[in-house]
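[1] Need a 3D model of the following:
(one chain, ligands or ions: 2)
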Amino acid sequence: MDAVQQAESGHPGTAMALAPLAWVLWQRHLRVDPADPAWPDRDRFVLSCGHACMLMYATLYLTGFDLTLQDIKQFRQWGSRTPGHVERGVTPGVEATTGPLGQGVGNAVGMAIAEAQLAALFNRPGHAIVDHTTYFLASDGDLMEGISHEACSLAGHLRLGKLIGFYDDNRITIDGSTDLTFSDDTAKRFEGYGWHVQRVADGNDTDAIDAAIRAARAVSDRSSLIILRTHIAYGSPNKQDTAEAHGAPLGAEEVRLTKEALGWPTAKPFEIPDEVVAHWRHAKSRGALLHAEWLGRWDAYRREFPELAVELDRRLAGRLPDGWDAALPVFGPKDAQATRAASAKVLNAIAPKLPELIGGSADLTGSNLTHITGSGDFAAARTAERNLHYGIREHAMGAVLNGFAYHGGVRGFGGTFLIFSDYMRPAIRLAALAHLRVIYVFTHDSIGLGEDGPTHQPVEQLAALRAIPNMTVIRPADPTETTEAWRAAIRHEGGPVALILTRQKVPVVDRAAYAPATGLHRGGYVLADAPSGTPQVILLATGSEVDIALGAREQLVREGIATRVVSLPCLEYFSAQPPEYRDQVLPPIVTRRIAIEAAAPQSWWRWVGERGVIVGLDHFGASAPYQRIYREFGLTVERVVAEAKALVSATAQSA
Ligand SMILES: Cc1ncc(C[n+]2csc(CCOP(=O)(O)OP(=O)(O)O)c2C)c(N)n1
Ligand SMILES: [Mg+2]
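    Ligands and ions are numbered 1, 2, ... in the order given. Alright, predicted model coming up:
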């Protein structure tokens, strides 16, 4: 109440109502060590309703994590460790960045999958060194959001027994009572998913909460939901059970009245009796004991299974094994194929050497070509397998992948058609915001997918993905660049990478005649140069359109127009290059530039400049064989040649 009041902004009511739950969880159940928030076998707690962050900040402070009362007083201020919604990496003890409702539920499912996999791979009889529970807390909003359905349906199917959710059934959202919007029978809904469901009628009944958690922990073959009936802003004489208490300070006078009503000994802001702090701080010695006990077990494990221990250490640290990329395929002139097909070969060259790589597709395995050969399908009781079937649940897939990255020990990838990246965009954005190592395999990357037509043909998705800060989008031109794209994605730290792959066959660029594909790691490179001197025209392209650029260059060179082709598979990597390199690839003096990409043109203005031309699409696609669509929409060698000639005759090169 005090922190929200001081910040003059925030969400007091839910934090107040859930204090008893936090107390039971942190004092009696959650296996965390405030002195070491990163202890690998700790329990995970995800606050899916990120707006209730003050609940976490207060709890983390009181239980003795590295957070001070001063930090609490800085709630929501510039540079503070107590931002407006919980953010991983900002506050010690916070496991996931949340705020967009529903995401945390999906993150928790991903964490529980990661735990189940690592337990299956690394535990040995008498040595359960991976053995933790994932908890999440969801509000009405979390459960109304569609992603919670996708994620909890998947968890139910996979029978994730160490996943326990709390539903804060306070019957209040921002607009008022849930009578306005929400009459689901949530218990039946989750029973329908195959979850174990309990109700606690009084959110202040700590013994009942304790008993429910105990019962949930005892259920090992189903996920559990505990529905907790609470009263938002409990104790506030005038604001309890009102939507007003959701997202605004209670008001100084109401804070005082509430403290009085609750029997708090002082009205002074931020004053916490010493014995209260001392009581909560039992969590420290409790956590230290739990951690020490685990360290003892870990030592025994390390003695008995030294190789496994080294491997688990490596995986948890996110270090790549030596030689992981020693066997990547090399493609020759006869290996023309779709980049999605090349991707499957690269993936399967990496997978045997990178056992932490797990993933799959949202029901498009045969189209995305994401199957790991030699591994089975991840399922309940088969959690060591590496092929995940997310089902037709793109949004949950995105959040689950984030959960893998938050958990550590596994590297996740997920595939769907590029068009359906829209269905998972909120999770992608959070992966970028939270600097998560996630790989997306987005195939069927343009009108080049052909007959499925405009509903399935991405147009604006490339520009939309590139617009996300800290997002990396790689659209390889051919099989050889596809090898480099995967290499880059696996090496990439600090953010998600989307691989953008064709459905249709593309030729293998003749690397003897042109430049090697290793230029991909700089984002863009001169693939084919003008015969001599400064080029008159530069053609820039990505993916399947690089072949069009090469075809146009041949013709232009024949006609005496010095033409350079720049392959630009990753605009983000290229932007990050020193200006000298960029100027070398795109000499500022050459203003006749044509970008070719079968997509919305927004991304390209920076690179072609005022006088440049973009051969792209500013309209939806069409249903037909792809060659015909390319022709009809002017994505052809002839069009590019004509545009280049027009540029040459219209402008005298300023030298
Ligand atoms: C995806 C998404 N949509 C909208 C919001 C804005 N918002 C924050 S909380 C909330 C709903 C509040 O109701 P509830 O989830 O029941 O939380 P409570 O007030 O009970 O804490 C909304 C709409 C959001 N954070 N995320
Ligand atoms: Mg609510």
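[2] how far away is the residue in the chain that ligand 2 sits nearest to from residue 639?
    Using CB to the ion, the closest approach of the chain to ligand 2 is made by residue 140 at 3.6 Å. (Glycine included, C-beta is placed from N, CA and C.) As for residue 140, its distance to residue 639 is 54 Å (criterion: CB to CB, to the nearest Å).
[3] May I ask you to confirm that residue 120 is in contact with residue 383?
    Yes: counting by CB atoms under 8 Å, residue 383 is a contact partner of residue 120 at 4.4 Å.
[4] Just want to know which of those two has more residues nearby.
    residue 383 (20 against 15; other CB atoms under 10 Å).
[5] OK, contacts around that one?
    Contact analysis of residue 383 by CB atoms under 8 Å, 6 or more residues apart in numbering lists 113, 116-117, 119-120.
[6] let's see it at 6 Å
    116-117, 120 (CB atoms under 6 Å, 6 or more residues apart in numbering).
[7] for residue 623, same thing?
    Going by CB under 6 Å, 6+ apart, the list of residues near residue 623 reads 451, 453.
[8] distance of it from residue 455?
    Counting by CB to CB - residue 623 and residue 455 are separated by 9 Å.
[9] Mind listing the shared neighbours of these two?
    With CB under 6 Å, 6+ apart as the test, residue 623 and residue 455 reach no residue in common.
[10] so where does the residue in the chain that ligand 1 sits nearest to fall, helix or strand?
    In the chain, the residue found nearest to ligand 1 is residue 141; the distance is 2.6 Å by CB to the nearest ligand atom. Per DSSP states H and E: residue 141 is located in helix 140-144.
[11] starting at the chain centroid, how far to the longest helix anywhere in the chain?
    Secondary structure of the chain per DSSP state H: the longest helix is helix 282-304. Centre-to-centre, helix 282-304 and its host chain are 31 Å apart (CA atoms, centre = their mean, to the nearest Å).
[12] and the angle from the very next helix or strand once past that helix to helix 282-304?
    Downstream of helix 282-304, the next assigned helix or strand under DSSP H and E is helix 306-317. The directions of helix 306-317 and helix 282-304 differ by 140 degrees, with axes from the mean of the first three to the mean of the last three CA atoms, to 10 degrees as the criterion.
[13] what does the protein have sitting close to ligand 2?
    139-140, 170, 172 (CB under 5 Å from the ion).
[14] Residue 53 touches residue 86, doesn't it?
    Yes: Residue 53 is within contact range of residue 86, at 4.5 Å (criterion: CB atoms under 6 Å).
[15] For the nearest residue to residue 576 once chain neighbours are set aside, the count of nearby residues, please.
    Of all residues not flanking residue 576 in the chain, residue 523 sits nearest, at 7.0 Å (CB to CB, 6 or more residues apart in numbering). Using other CB under 10 Å, residue 523 has 23 neighbouring residues.
[16] go on, the one 10 residues further on?
    For residue 533, the neighbour count with other CB under 10 Å is 8.
[17] quick check, it in a helix?
    No: under DSSP: H, G, I helix; E, B strand; the rest coil, residue 533 sits outside any helix and is assigned coil.
[18] and the residue of the chain closest to ligand 2, what does it touch?
    Taking CB under 6 Å, 6+ apart, one finds 173, 178 in contact with residue 140.
[19] ok, back up a step: would JSON lines of the residues of the chain next to ligand 2 with pLDDT be doable?
    Formatted as JSON lines, these follow (pLDDT from 0 to 100):
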{"residue": "139", "pLDDT": "98"}
{"residue": "140", "pLDDT": "98"}
{"residue": "170", "pLDDT": "98"}
{"residue": "172", "pLDDT": "98"}
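[20] now, which of those residues sits nearest residue 42?
    residue 139 (23.9 Å; CB to CB).
[21] is it true that that closest one touches residue 166?
    No: using CB under 6 Å as the test, residue 139 is too far from residue 166 to be in contact (9.7 Å).
[22] State the pLDDT value of the residue nearest to residue 223 when sequence neighbours are not counted.
    Leaving aside its sequence neighbours, residue 223 sits nearest to residue 163 (CB to CB, 6+ apart; 4.2 Å). pLDDT, residue 163: 99.
[23] Residue 163: how many residues sit nearby?
    Residue 163: 30 neighbours (other CB under 10 Å).
[24] and if you look at residue 494?
    Residue 494 has 11 nearby residues by other CB under 10 Å.
[25] How about residue 43?
    21.
[26] Show the contacting residues for it.
    Counted by CB under 6 Å, 6+ apart, residue 43 has contacts 30-31, 132-133.
[27] repeat for residue 316
    40, 408-409.
[28] Same list, those, but as TSV with pLDDT, secondary structure and neighbour count please.
    Output for the contacts of residue 316, formatted as TSV (pLDDT from 0 to 100; DSSP: H, G, I helix; E, B strand; the rest coil; neighbours: other CB atoms under 10 Å):
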residue	pLDDT	secondary structure	neighbour count
40	97	coil	19
408	98	coil	18
409	98	coil	21
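[29] From those, pick the one nearest residue 312.
    So of the contacts of residue 316, ranked by how close each gets to residue 312 (CB to CB), first place is residue 409, at 7.2 Å.
[30] how close does residue 301 sit to residue 583?
    55 Å.
[31] Same check on residue 148?
    Counting by CB to CB - residue 148 and residue 583 are separated by 49 Å.
[32] Neighbour count: those two, which is higher?
    residue 148 (28 against 12).
[33] what about that one, helix or strand, and which?
    Assigned by DSSP H and E, residue 148 falls in helix 146-158.
[34] contacting residues around that helix?
    By CB under 6 Å, 6+ apart, the list of residues contacting helix 146-158 reads 102, 105-106, 109, 142, 163, 193-195, 223, 380, 393, 395-396.
[35] Make TSV from the residues you listed and add secondary structure and distance to residue 627 to it.
    Listed next are the contacts of helix 146-158 as TSV, based on DSSP: H, G, I helix; E, B strand; the rest coil; distance: CB to CB, whole Å:
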residue	secondary structure	distance to residue 627
102	coil	42
105	helix	44
106	helix	40
109	helix	42
142	helix	47
163	strand	49
193	helix	46
194	coil	48
195	coil	50
223	coil	49
380	coil	46
393	coil	34
395	helix	34
396	helix	36
